[in-house]
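Participant: Just a sequence and a predicted model for now, questions to come.
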Amino acid sequence: MTPGRAPQSSGKPGKAARTYRRPKPDAARRAAFDVLRMVDDRDAYANLVLPGLLRDRRMTGRDAALATELVHGTLRRQGTYDAILDRCVDRPINEVDPPVLDVLCLGAHQLLATRIPTHAAVSATVELARGVLGDGRAKFVNAVLRKVAARDLDEWLAEVAPPYDEDPEGHLSIVYSHPRWVVAALWDALGGGRAEIEALLAADNEPPAVTLVARPGRSTLDELYEAGAKPGRWSPLAAVLTEGDPGAIAAVRDGRAGVQDEGSQLVAQALANAAVDGDETRWLDLCAGPGGKAGLLAAIATQRDVALLAVERRHHRARLVRNAIGWNTRHQVVTADGTRPAWAPGSFDRVIADVPCSGLGALRRRPESRWRRRPEDIAELGPLQRELLTSALGAVRPGGVVAYVTCSPHKAETRSVVDDVLASPAGSGFSLVDAREYLPGVTGLGDGPDIQLWPHLHGTDAMYLALLRRGA
Ligand SMILES: C[S@@+](CC[C@H](N)C(=O)[O-])C[C@H]1O[C@@H](n2cnc3c(N)ncnc32)[C@H](O)[C@@H]1O
């Protein structure tokens, strides 16, 4: 509220009507703004900093839910909002100060994609602007948001997106708020026509469900159901939490169960269940941090009396892997470069190379990542992905099996890597196994032998899996 403006009556005569009170600071919008600044300024990841900030400010319930929706929605939809705001400001959008732009995007998100009434969205955002930008810039925010509020989202999209028939990728890029090159890469990997790519891009803009894994031998699905979770869709170890904090579930707190996308569960189980010749003693996870798949593989390995070695190059991530598998001392974690094997060739029965990748398959989960990635990243990651797969092939014994995994469907990170390594001297003696066989009951996996999961078809991240068996 502007100082000096007449205070609103509380409806009761007397004290409240006479006393000026500054409006209560809007905790949710302020928290959302602060996270957006950290993402912009310090390259922070919203899904990592937001929970800590909510905890520090003791925000729970509706305030926490609103802050989360504002942060995630604003970041995901940034491409759409930038295009709309560009029509509402009197200078190119990239000349607007980043903090002002953050407030404008927060306002645009409330106006165009939430049920918050227009007057509340504008006044609360202008109030935020007064607090964080000052009165002068708050007036600018007010004027711009009034222009944004003049149309609904569909009307704006009809105005700012190029027609689909003239420029399909440009149209989809604005309507679904993905960089144009990402639309092109996803479409190339997915195939199909407009309906398919629209379904995928729309799914990328939906927050994923919280999926839990009951690590075999350590926890059970019944335990998770009793805590309020529902059955998962594909993985026999999955349960879905529709509300509440997973950290409040004892099995999750104790590390006997965990939060894990069903796609990750499926690829780890496929590796564990793929046929190998002979007895087994040792498995290898070549890129283990932060330890999601290692945690599941260690549980399965324990049941089969097999030891897991987990390798992770970065020290702090290796520590996370230790938390995930250290409950059984037969499983080991080493901080090492997986491209420089510290083991004799052919030492392992099963090897997983879940390589560093662009993460284009997990855009639902990391709302800002689509704007951070550059097409050059794909080319830069290629040599390391090939080296790690080569190293994985060197580590497996005759009759054993290697899983090559990415959380990206980009063909340059998936099939091209596998084809190149198979065609190199390292691939000699290896052949692709039909991975579909090891994801029983899962439909829509493609023509094989490798598989691709999709958010819009499977409700999972877009995980890719190729299984390569070494001839006996
Ligand atoms: C996609 S993540 C793996 C995710 C993990 N498997 C999970 O399920 O939690 C890739 C990991 O590989 C690690 N990494 C990158 N280069 C590596 C290398 N040369 N050797 C071993 N690990 C590496 C990264 O630090 C990152 O933690």
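Facilitator: Yep, it's here.
Participant: which residues sit in contact with Leu36?
Facilitator: Leu36 is in contact with 46, 71, 74-75, 102, 105-106, counting by CB atoms under 8 Å, 6 or more residues apart in numbering. Just so you know, the C-beta spots here come from the backbone N, C-alpha and C atoms, and that holds for glycine as well.
Participant: sorry, that was for Trp327
Facilitator: Trp327 sits next to 218, 255 when contact means CB under 8 Å, 6+ apart.
Participant: 10 Å instead?
Facilitator: Trp327 makes contacts with 215, 218, 254-256, 295, 298-299, 302, as judged by CB atoms under 10 Å, 6 or more residues apart in numbering.
Participant: same deal with Pro345?
Facilitator: So Pro345 contacts 391, 393-397 (CB under 10 Å, 6+ apart).
Participant: So, low pLDDT: which residues of this structure?
Facilitator: Low-confidence segments of the chain, defined by pLDDT under 70: 1-25.
Participant: again, only using 90
Facilitator: Residues of the chain meeting the criterion pLDDT under 90: 1-25, 243-245.
Participant: can I see the domain layout of it?
Facilitator: Segmentation of the chain into domains, based on automatic domain parsing, reads 21-148, 168-204, 210-259, 266-470.
Participant: Check those for me and report the most buried one.
Facilitator: domain 266-470 (a mean of 20; mean count of other CB atoms under 10 Å).
Participant: And the strands in the stretch 351-472 of the chain?
Facilitator: Remark: strands assigned in the stretch 351-472 of the chain by DSSP state E, counting those that start in this stretch are 396-406, 430-433, 451-452, 464-470.
Participant: Any chance of CSV for the ones you listed, columns distance to His331?
Facilitator: CSV is the format used below for the strands of the stretch 351-472 of the chain (distance: least, CB to CB, whole Å):
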stretch, distance to His331
strand 396-406, 18
strand 430-433, 25
strand 451-452, 27
strand 464-470, 22
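Participant: Reformat those strands as a markdown table; add distance to the ligand.
Facilitator: Below are these laid out as a markdown table (distance: least, CB to the nearest ligand atom, whole Å):
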| stretch | distance to the ligand |
| --- | --- |
| strand 396-406 | 7 |
| strand 430-433 | 20 |
| strand 451-452 | 16 |
| strand 464-470 | 11 |
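Participant: Ramachandran coordinates for Lys230?
Facilitator: phi -110, psi 160 (degrees, to the nearest 10).
Participant: Which positions in this protein make contact with the ligand?
Facilitator: Proximity of the chain to the ligand is confined to 264, 287-293, 311-314, 317, 337-339, 354, 356 under the rule CB under 6 Å from any ligand atom.
Participant: What helices and strands are in contact with the longest helix seen in the chain?
Facilitator: Scanning the chain for the helix with the most residues, using DSSP state H, yields helix 375-395. Under the contact criterion of 3 or more CB pairs under 10 Å, 6 or more residues apart in numbering; DSSP states H and E, helix 375-395 touches helix 180-190, strand 282-285, strand 307-312, strand 348-354, strand 396-406, helix 415-423, strand 464-470.
Participant: which residues touch the spatially closest residue to Gly170 that is not a sequence neighbour?
Facilitator: Excluding its sequence neighbours, the residue lying closest to Gly170 (CB to CB, 6 or more residues apart in numbering) is Pro162, at 4.5 Å. Residues in contact with Pro162, defined by CB under 10 Å, 6+ apart, are 168-175.
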